[in-house]
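In: sequence first, predicted model second:
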Amino acid sequence: MDLFEYQGKELLRKFEIPVPEGRVASTPEEASEATRFLGSRVVVKAQVAVGGRGKQGGVKLVSSPEEAHEAAAQIFDITFTDQEGRGAERSKRVLVERAGELKAEYYCSFILDRTSRKHLAIMSSEGGMDIEEVNRTNPDAIAKVTIDPLLGLSDFHARELVFGGNIDEEARKGALSILPKLYRALVELDASQIEINPLVLTGDGKVMALDAKVILDDSAAFRHPFYEELKAAHEVNEQERKAKEHGLNLIKLDGDVGIIGNGAGLVMSTLDVVKDAGGSAANFLDVGGGASAEVLSNSLQIITENPEVKSIFINIFGGITRCDLVAEGIIHALARLDVDVPIVVRLDGTNAEQGRKMLADAPHPMLKTADTMLGAAEKAVALAHGEGA
Ligand code: GDP
Ligand code: MN
């Protein structure tokens, strides 16, 4: 189980690892309230399991409750994806933390290395950025230490990490005292990973964990009843849960135009064009590469279970996926299902002509087509608003 940052930090706090003071907020109002409590300069951070939030606009420094309100509102509107642009997640909470001046950012992690059956610790003065990137461009800046789990972390391991990782002199003492605590946390929590990126040296000379990515080993759940509680925060709504069961990546949104697309990037642009056309999306749904009849009928079924949905926009760009197969999938899905809202299909890319012809030749009262993405969005929005298009 990948914990949210705020959950990881709560656990680290129990092991006396310094973390910034903060509060969790579920609404922009709560975020501004938290800011009032914490003092003016705070950082508002999205709480999602995917990494690289900062680059996607999920970490915002602000200096007033009003700004925190706005930052949180913006963050709640972002659809986060993982590094490969796949997977998608919305932030249901933000962590509001007291922000300080940072003198330096380091990288520190402990993982369970299943191949060697040992723990692996990594430390580097090049923190705050992608560690794989540092490993490629500047491997000497990284210290790696293998730890025998039966012997545990020794002082010499910690020194090797701090000196080998080139940690600034001012931060060494703090780092040396944090490392054994992190290792203890890893072992006692049955975590398979604790990654602190960045571990920072603050303006007033303190070393603390500014970010925390903790992964708990689910097979150890039986001896940690608190895992259940942490899991509850990851619960998604019924529609999202069902989609997940079918291997579909769905995020419920508040609008009335159901969306099906292939590829997270395309689905996100689809949400944007629907908005540009004056409508609002009811969901994000990425069918990925496979747009078979089964995938499409599962998708249509799950989407139409949302009573808010007044029209559906299927937006497929055929790359590896062939549009004729998608058309076949749509036709088969409609034969199986009893869909009573209009569906606008836009096919482009590989075998698009053929796919469009197949849809035209198999008329269905609810099926409409459009040649362009904007055209299709306008049609779907008009239909959702009850205007015949
Ligand atoms: P990530 O992008 O998901 O890894 O989010 P992080 O929590 O690691 O934050 C990304 C970056 O934002 C950090 O490397 C810092 O440079 C910056 N940042 C985060 N919190 C603070 C803070 O309290 N003060 C300052 N000055 N910068 C911060
Ligand atoms: Mn980080």
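Out: Yep, that arrived. Residues are numbered from 1 along each chain as shown. Ligands and ions are numbered 1, 2, ... in the order given.
In: mind checking the SS state of Thr35?
Out: With DSSP: H, G, I helix; E, B strand; the rest coil as the basis, the three-state label of Thr35 is helix.
In: can you give me the pLDDT of it?
Out: Note on Thr35: pLDDT of 97.
In: please apply the same query to Asp140.
Out: According to the model's per-residue confidence, Asp140 sits at a pLDDT of 86.
In: neighbours of it, how many?
Out: Number of residues near Asp140 (other Cβ atoms under 10 Å) recorded here: 9. (Each C-beta comes from the backbone N, C-alpha and C, glycine too.)
In: so how far is Glu101 from it?
Out: Asp140 sits 28 Å away from Glu101, going by Cβ to Cβ, to the nearest Å.
In: what does Lys242 give?
Out: Using Cβ to Cβ, Lys242 is found at 47 Å from Glu101.
In: this protein against ligand 2: which residues are in contact?
Out: Residues of the chain that fall close to ligand 2, judged by Cβ under 5 Å from the ion: 197, 211.
In: which parts of the chain belong to which domain?
Out: Structural domains assigned to the chain are 1-20+101-235, 21-98, 238-384, following automatic domain parsing.
In: rewinding a little: more crowded one of Lys242 and Glu101?
Out: Under the criterion of other Cβ under 10 Å, the comparison of Lys242 against Glu101 puts Lys242 first, with 16 against 10.
In: so which helix or strand takes in the nearest residue to the more buried one once chain neighbours are set aside?
Out: Computed as Cβ to Cβ, 6 or more residues apart in numbering, the closest residue to Lys242 that is not its neighbour in sequence is Ile302, at 5.6 Å. Using DSSP states H and E, Ile302 maps to helix 293-304.
In: which residues outside that helix are in contact with it?
Out: Where contact means Cβ atoms under 8 Å, 6 or more residues apart in numbering, the residues beyond helix 293-304 that reach it are 239, 242-243, 246, 248, 250, 258, 260, 282-283, 285, 287, 309, 312, 314, 326, 328-334, 336-337, 339-341, 343.
In: number of nearby residues for the nearest residue to Val344 once chain neighbours are set aside?
Out: Spatial nearest neighbour of Val344, chain neighbours left out: Ala380 (4.4 Å); criterion: Cβ to Cβ, 6+ apart. Counted with other Cβ under 10 Å, the neighbours of Ala380 add up to 34.
In: ends of stretch 345-361, how far apart?
Out: End-to-end distance of stretch 345-361: 14 Å, with Cα to Cα, to the nearest Å as the criterion.
In: distance between that stretch and the chain's centre?
Out: Remark: stretch 345-361 is offset 33 Å from the chain centroid, using Cα atoms, centre = their mean, to the nearest Å.
In: how far does the host helix or strand of Ala380 sit from its chain's centre?
Out: Following DSSP H and E, one finds Ala380 within helix 373-384. Centroid displacement of helix 373-384 relative to its chain, using Cα atoms, centre = their mean, is 28 Å.
In: go ahead and confirm the residue nearest to Val344 touches Lys310.
Out: No: taking contact to mean Cβ atoms under 8 Å, the distance of 9.2 Å between Ala380 and Lys310 leaves them out of contact.
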